[in-house]
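Engineer: Structure for the following, please:
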Amino acid sequence: MQMKALRAMALLGVGMVLAGCKSAPDLTQPQALALIQANYDHATPVGADIVVDDLGMRQGATGKLWDRTTIYPNKFWADFKLTDAGKKAVQLPGGGDVIQWRPSSLTDTSYSIRLVSVAANHLKARDIGDISDEMVAGVDVAKGANYVEGVDLTGAPDLLQTIAHNPGNQLVIKRRANFALVNGAWTLHSIQ
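Structural biologist: Next up, the predicted model:
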């Protein structure tokens with residue numbers, strides 16, 4: 001009799017434990033990508049950082065984004081003033097409209113400056129990898145996935161897009177997103 005009672009209690013205990021366990025809903029790659037993109041779309045649009053090297057300076061001058069206004073006695077320093085078309089395409093991080101080109105020598109092709117596109121856009125998420133279980137501090141149930149974050153140059157002139165694709169520019173970066181299960185639904189927890 002006691003054995004039957006113990007078995008019944010054990011069965012009841014196992015049943016209660018199983019009834020209390022809820023399985024997490026699946027997090028698919030399209031859902032994860034949508035959560036990441038929604039986060040980007042909610043953020044303020046930003047201009048793209050564009051590294052302009054020697055080739056980019058020549059392309060911008062030929063394409064009339066800037067005009068050389070001053071050449072210094074050493075023959076490799078120069079000042080370039082943004083044209084009206086240039087002002088519609090880029091901004092100088094420090095403000096103003098004069099690019100101060102100061103390479104270390106006439107043969108210095110590694111010198112570059114940074115400009116910011118006037119066209120401001122949201123970052124774009126793409127190419128999400130496999131979703132895996134994660135251990136995230138403060139989160140009971142978590143998952144994570146690698147993906148590619150890309151700069152969006154929509155609205156930038158074709159010439160600026162060409163300059164942005166020159167060596168030295170990083171238009172995409174690999175990131176990792178962590179997701180948390182909150183009240184039965186997946187949410188974006190963090191991006192690294």
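Engineer: so what pLDDT did the residue most central in space within the chain get?
Structural biologist: Note on the chain: the residue nearest the mean C-alpha position is residue 149, at 4.0 Å, using C-alpha atoms, centre = their mean. Listed pLDDT for residue 149 reads 97.
Engineer: wait, is residue 31 part of a helix?
Structural biologist: Yes. Judged by DSSP: H, G, I helix; E, B strand; the rest coil, residue 31 forms part of a helix.
Engineer: That one touches residue 185, doesn't it?
Structural biologist: No. Applying C-beta atoms under 8 Å, one finds residue 31 not in contact with residue 185, separated by 10.0 Å. In short, each C-beta sits where N, CA and C put it, glycine included.
Engineer: These two: which has the busier surroundings?
Structural biologist: residue 31 (15 against 9; other C-beta atoms under 10 Å).
Engineer: can you pull the contacts of the more buried one?
Structural biologist: Residue 31 makes contacts with residue 186, as judged by C-beta atoms under 8 Å, 6 or more residues apart in numbering.
Engineer: In the protein, what residue spans correspond to helices?
Structural biologist: 2-20, 29-42, 54-62, 84-89, 158-164 (DSSP state H).
Engineer: Distance check, the residue nearest to the centre of the chain against residue 51.
Structural biologist: As judged by C-beta to C-beta, to the nearest Å, residue 149 and residue 51 stand 17 Å apart.
Engineer: Tell me where the longest strand sits in the chain.
Structural biologist: strand 172-182 (DSSP state E).
Engineer: list the buried ones in it?
Structural biologist: Along strand 172-182, these residues count as buried under the neighbour rule (16 or more other C-beta atoms under 10 Å): 177-181.
Engineer: Identify, from those residues, the entry nearest to residue 85.
Structural biologist: Nearest to residue 85 among these: residue 177, at 38.2 Å, using C-beta to C-beta.
Engineer: which residue sits closest to residue 33, ignoring its sequence neighbours?
Structural biologist: residue 128 (4.8 Å; C-beta to C-beta, 6 or more residues apart in numbering).
Engineer: scratch that, residue 157 is what I was asking about
Structural biologist: Nearest to residue 157 is residue 89, by C-beta to C-beta, 6+ apart, at 5.1 Å.
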